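**Student:** Below are the sequence and a predicted model; questions follow.
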Amino acid sequence: MLAALLIGVASCSFTNKNFENPDKDKLLIDLIAYVLEKGHFDPKTVDDDFSKNVYSDYLEALDPLKRYFLQSDIDEFSKYETLIDDQIKNSNIEFFNITYDRLMKRMGEAKEIYKEVLNNPFEYNQNESISLDYENHPYAANKKQLVEKWRKQLKFSALSRYADVLEPQKLTASVNDDLTDEELIESVTPSEGKKSGLTPKTPEEAEKESREATLKNMDEYFDFMDDLERKDWFTVYLNAITEEFDPHTSYYAPEVKDRFDMDISGKFEGIGARLQKRNDNIKIMEIISGGPAWREKKVEVGDEILKVAQENQEAVDVVGMRLDDAVKLIKGPKGTKVYLTVKRVDGTIEEVTITRDVVELEESYAKSALVKDGNRTFGLINLPKFYIDFDDYKERNASADVATEITRLKAQGMEGLVLDLRDNGGGSLKTVVDMAGLFIKKGPVVQVKSTGQNKEVLEERDESILWDGPLVILVNELS
């Protein structure tokens with residue numbers, strides 16, 4: 001009864017997408033602790049050593065470059081280093097709360113720091129150094145040291161851009177490599193710069209341009225960070241706990257789980273456009289071929305989405321909205337309509353209607369090519385993942401698509417097959433078993449062992465073979 005009750009509560013908790021209530025956070029950590037203890041294949045002892053590892057990994061995830069927290073913050077946090085295990089057992093999230101509140105405060109201060117630093121020119125004639133070994137960096141002892149750490153990091157970032165600004169001029173100048181930047185500038189006359197399409201820049205101009213580019217980059221970074229909510233940071237904390245069990249155990253928040261399902265199936269229901277948020281504006285960055293937006297030709301790359309409305313509902317202003325929240329409004333069931341108020345590249349504003357449909361992400365699917373090598377012909381199949389629609393296996397899946405590609409390549413005279421699984425992070429075991437069956441008559445393919453259960457052997461039982469010729473499988477460290 002207890003197990004049934006917990007599963008029932010878990011179902012409600014995991015599907016309810018409002019995670020702002022702290023009591024739900026406590027319930028969630030309680031449920032995860034229960035699942036890990038009872039269901040993990042090799043559960044860890046949740047003790048002080050476990051607590052120390054979670055503490056270290058979590059703080060590193062929050063501030064990997066050590067540019068937010070002060071040493072005084074770490075000193076304050078350190079009292080929790082051996083208490084996280086006790087807090088997990090008691091559904092206590094005090095450590096998360098104090099670190100989250102402090103991080104938000106320090107990030108607010110960091111915004112002021114980088115803007116102030118980048119408001120003044122950098123002096124590149126000074127002999128300075130910076131260590132990129134962040135793991136062994138000490139935390140800043142005070143605000144003055146923190147500002148200096150930010151100054152060096154921003155100067156380093158701007159310096160790489162500064163070199164890029166001057167580089168095109170170096171390519172047009174036939175000068176000795178030992179010349180200074182000033183001499184390089186002088187070696188490109190205005191007429192030469194005009195012929196090459198480049199306008200020579202002084203070191204002062206290059207410095208300013210690189211600094212402004214760095215400022216823009218930091219503004220965009222903090223715009224993204226501002227969109228993260230408390231629940232997103234709580235997910236970071238939960239994963240510091242789950243990943244202590246093993247690197248492949250992760251907590252997926254509901255939105256992340258939705259993205260996982262989309263990624264593993266290679267499809268979703270929506271308008272078929274990739275969006276990006278820039279300066280509070282939701283912009284269309286790509287139209288997915290074959291999708292509703294592509295077919296109906298009512299929006300274009302570069303259009304900004306100002307408002308989104310559902311059928312028979314008021315339009316919702318999405319300017320300044322989190323990208324994930326805006327995407328939720330735009331996506332929807334196949335056959336439904338969505339009304340978008342868009343601002344065109346030329347500044348005109350109009351409302352368009354798009355009927356949602358299933359959008360297939362072709363880059364997720366198997367692709368093949370025929371390769372000629374002298375008088376020999378080989379087939380190449382690239383498989384990014386072992387994709388499947390968990391809701392309907394009869395729909396498109398990796399095994400069926402690979403079978404189709406093999407049949408097509410055989411018809412074109414393939415003498416040998418290369419199956420490219422590099423960077424393939426996995427997916428459905430059933431598709432793996434079925435795919436192995438394309439090359440072997442029958443037999444065991446993979447075995448699965450769960451806690452408290454007997455070993456289960458997944459076998460290929462279909463004796464037919466689709467390809468019995470030469471086969472090479474490409475893998476790498478990410479396969």
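**Tutor:** Good, I have the coordinates.
**Student:** where along the stretch 351-479 of the chain do the helices fall?
**Tutor:** Using DSSP state H, counting those that start in this stretch, the helices of the stretch 351-479 of the chain run over 398-411, 429-436.
**Student:** List the buried residues of stretch 326-335.
**Tutor:** Within stretch 326-335, the residues scored as buried using 16 or more other CB atoms under 10 Å are 326, 327, 328, 329, 330, 331, 332. In short, each C-beta sits where N, CA and C put it, glycine included.
**Student:** Could you do stretch 76-95 as well?
**Tutor:** Buried, per 16+ other CB under 10 Å, within stretch 76-95: 77, 80, 81, 83, 84, 85, 87, 88, 92, 93, 95.
**Student:** Tell me the one among these nearest to residue 393.
**Tutor:** residue 88 (37.1 Å; CB to CB).
**Student:** Of the buried residues of stretch 326-335, which pair is most distant in space?
**Tutor:** The farthest-apart pair in those, when distances are taken by CB to CB, is 326 and 332, at 12.7 Å.
**Student:** what residues are up against residue 350?
**Tutor:** By CB atoms under 8 Å, 6 or more residues apart in numbering, the contact list for residue 350 reads 341, 342, 344.
**Student:** okay if I get those as TSV plus secondary structure and neighbour count?
**Tutor:** Shown next, in TSV, are the contacts of residue 350 (DSSP: H, G, I helix; E, B strand; the rest coil; neighbours: other CB atoms under 10 Å):
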residue	secondary structure	neighbour count
341	strand	18
342	strand	20
344	coil	13
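**Student:** Tabulate those in TSV, adding columns for pLDDT.
**Tutor:** Listed next are the contacts of residue 350 as TSV, based on pLDDT from 0 to 100:
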residue	pLDDT
341	95
342	95
344	94
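**Student:** about what we covered before: quick check, nearest of the buried residues of stretch 326-335 to residue 40?
**Tutor:** residue 328 (31.7 Å).
**Student:** Doesn't the closest one belong to a helix?
**Tutor:** Yes: Residue 328: assigned to a helix according to DSSP: H, G, I helix; E, B strand; the rest coil.
**Student:** Do you know the pLDDT at it?
**Tutor:** What the model reports for residue 328 is a pLDDT of 91.
**Student:** What separation is there between it and residue 225?
**Tutor:** 20 Å (CB to CB, to the nearest Å).
**Student:** Also residue 219?
**Tutor:** From residue 219 over to residue 225 (counting by CB to CB), the distance is 11 Å.
**Student:** phi, psi of residue 310?
**Tutor:** Here is the backbone geometry of residue 310 (degrees, to the nearest 10): phi -90, psi 170.
**Student:** With residue 432 as the reference, measure out to it.
**Tutor:** Residue 310 is 40 Å from residue 432, by CB to CB.
**Student:** Comparing these two, which shows the higher neighbour count?
**Tutor:** Each of residue 310 and residue 432 has its neighbours counted (other CB atoms under 10 Å); residue 432 has more, 18 against 15.
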